[in-house]
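J.: For reference, the sequence and a predicted model appear below.
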Amino acid sequence: MRPFKILSHPFVLIMSFFMILISGQHVGGFYLMYIMLALPHGGVHAVSALLGTILLFFAYYKFKRLKRYRIENILNLIALSLLLISITYFFKNDKAGYNEQTFTQPIPLFSLIIFGVLVIFFLIDNLSDNRVLRRSSERSE
């Protein structure tokens, strides 16, 4: 497998999203823990993360990354938007600044940067038209 295909894979994106390190004043941990804690209470960031993850899984398993249908790309972009809304809302909603250390400590910041880089690869993969053109040329041969 080419490195680009690995870095733009939906599962890699989901794993990096859940593994973002959050550094709090008292307790820190992976973003997955914060999602799981807020889900029973209907936290906006948790519901958005859950919907985005489910949509990514659905798009992947429904279309098996055939890249013949644009609907997969659209679903992927909607799911990515939900993930980004989740993480943005999580930090914007922190009025007391409990999680500000995430942006100053090197390891949590590095996990955010890795997620950001994978988002860029995922966007490039879903916005490029090369896959669709390549598939149609393979069918015509």
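T.: It's in. Given the structure is predicted, the values throughout are model-derived calculations rather than measurements.
J.: Near residue 25, how many other residues are there?
T.: 11 (other Cβ atoms under 10 Å). For glycine as for every other residue, the C-beta is placed from the backbone atoms N, C-alpha and C.
J.: In contact with it, which residues are there?
T.: 98, 101 (Cβ atoms under 8 Å, 6 or more residues apart in numbering).
J.: so when I look at it, I'm seeing a helix, right?
T.: No. With DSSP: H, G, I helix; E, B strand; the rest coil as the criterion, residue 25 is assigned coil and is not in a helix.
J.: residue boundaries of the strands in this protein?
T.: 21-22, 29-30 (DSSP state E).
J.: ok, and which of those strands has the densest surroundings?
T.: strand 21-22 (a mean of 20; mean count of other Cβ atoms under 10 Å).
J.: ok, residues contacting that strand?
T.: Here strand 21-22 has contacts from 28-31, 33-34, 99, 102, 107-108, 111, using Cβ under 8 Å, 6+ apart.
J.: Could you point out which residue ranges in the protein have low pLDDT?
T.: Residue ranges of the chain with pLDDT under 70: 1, 65-68, 129-141.
J.: how many neighbours does residue 58 have?
T.: 13.
J.: show me where this protein has helices.
T.: Assigned by DSSP state H, the helices in the chain fall at 3-7, 10-18, 31-38, 44-63, 70-92, 106-127, 130-140.
J.: Show me how far the longest one is from its chain's centre.
T.: Remark: helix 70-92 is offset 7 Å from the chain centroid, using Cα atoms, centre = their mean, to the nearest Å.
J.: List the buried residues of that helix.
T.: Using 16 or more other Cβ atoms under 10 Å as the test for burial, helix 70-92 gives 72-73, 75-77, 79-80, 82-87, 89-90.
J.: And for stretch 53-62?
T.: 53, 55-56, 59-60.
J.: how about the residue lying closest to residue 7 once chain neighbours are set aside, what does it touch?
T.: Spatial nearest neighbour of residue 7, excluding adjacent residues (Cβ to Cβ, 6 or more residues apart in numbering): residue 121 at 4.4 Å. Each residue near residue 121 by Cβ under 8 Å, 6+ apart is listed here: 4, 7-8.
J.: which two in the buried residues of helix 70-92 are spaced the farthest apart?
T.: Maximum pairwise distance in these, criterion Cβ to Cβ, is 27.1 Å, between 72 and 90.
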